[in-house]
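S.K.: Kindly return the folded structure for what I paste below:
(2 chains)
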Amino acid sequence: ELKVEQNPLFLSMQEGKNYTIYCNYSTTSDRLYWYRQDPGKSLESLFVLLSNGAVKQEGRLMASLDTKARLSTLHITAAVHDLSATYFCAVDMQKTSGSRLTFGEGTQLTVNP
Amino acid sequence: DTEVTQTPKHLVMGMTNKKSLKCEQHMGHRAMYWYKQKAKKPPELMFVYSYEKLSINESVPSRFSPECPNSSLLNLHLHALQPEDSALYLCASSPGDNEQFFGPGTRLTVL
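M.R.: Residues are numbered from 1 along each chain as shown, chains lettered A, B, ... in the order given. Below you'll find the model as predicted:
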């Protein structure tokens, strides 16, 4: 059974600081996604990582994937309050009949002024 | 049209009621999904439809009954639900076995 572990689960940080969220998974996969969820809202796709060594950047967020280590990271640079949200990684155990996402528990990020 | 829509946004129902959730996408995606999300938890996969056929059922109780009338539409029929079924129900679609796009969700309360 695939297990996906995120840490930390809660992160409180000051504006302007840097931090990294980690996502470990237990079974071989080369497809991993990062989503953002604001309270009471749906999931917004942030990054799609489809191969070993993939690195994607958007604004103050950068995601990477190491399939050999079964590890993905989401790095936050110079955090701002607008980044406060819950971040989920999701590993795809793809099937020919559609993808099958298993989510981590989520990291609740609070950026304080 | 590049989004997944869901109706209703909110639904309150009694344990003896029958209701349905609706999901629609016009992106030509061939796979559609239902997820259940409890507060402060990650989404949990319930059903996957591929080419309008049910391909994955994650051992969901029979009081939840999915239906895919055509390639753009996905329904979730609800009957005799329990209070613990109260949650956010998310629909998603994908072009194939890749990135999923989520709808806004239906917040369900079972009294």
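S.K.: can you give me the strands for chain B?
M.R.: Per DSSP state E, chain B carries strands over the ranges B:4-7, B:10-13, B:18-25, B:31-37, B:44-50, B:53-57, B:64-70, B:73-79, B:87-94, B:101-102, B:106-110.
S.K.: okay, the ones you listed in CSV with mean pLDDT, distance to chain A and mean neighbour count next?
M.R.: Backbone N, C-alpha and C define where each C-beta goes, glycine included. Formatted as CSV, the strands of chain B follow (pLDDT from 0 to 100; distance: least, CB to the nearest CB, whole Å; neighbours: other CB atoms under 10 Å in any protein chain shown):
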stretch, mean pLDDT, distance to chain A, mean neighbour count
strand B:4-7, 96, 9, 18
strand B:10-13, 96, 11, 14
strand B:18-25, 97, 12, 18
strand B:31-37, 96, 4, 24
strand B:44-50, 93, 4, 21
strand B:53-57, 87, 4, 13
strand B:64-70, 96, 12, 15
strand B:73-79, 97, 12, 19
strand B:87-94, 96, 6, 24
strand B:101-102, 94, 4, 21
strand B:106-110, 97, 8, 18
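S.K.: which residue is nearest the centroid of chain B?
M.R.: Of all residues in chain B, the one closest to the mean position by CA atoms, centre = their mean is B:Trp34, 3.4 Å from it.
S.K.: Bridging across strands, which residues link to that one?
M.R.: On the basis of DSSP bridges, B:Trp34 is bridged to B:Phe47, B:Cys91.
S.K.: Show me which residues of chain A are close to chain B?
M.R.: Contact residues, chain A versus chain B (CB under 8 Å from any CB of the partner chain): A:31, A:33, A:35, A:40-45, A:48, A:50, A:88, A:92, A:94-106, A:108.
S.K.: Could you find the closest non-adjacent residue to B:Glu44?
M.R.: The shortest distance from B:Glu44 to any non-neighbouring residue, by CB to CB, 6 or more residues apart in numbering or on different chains, is to B:Lys36 (5.2 Å).
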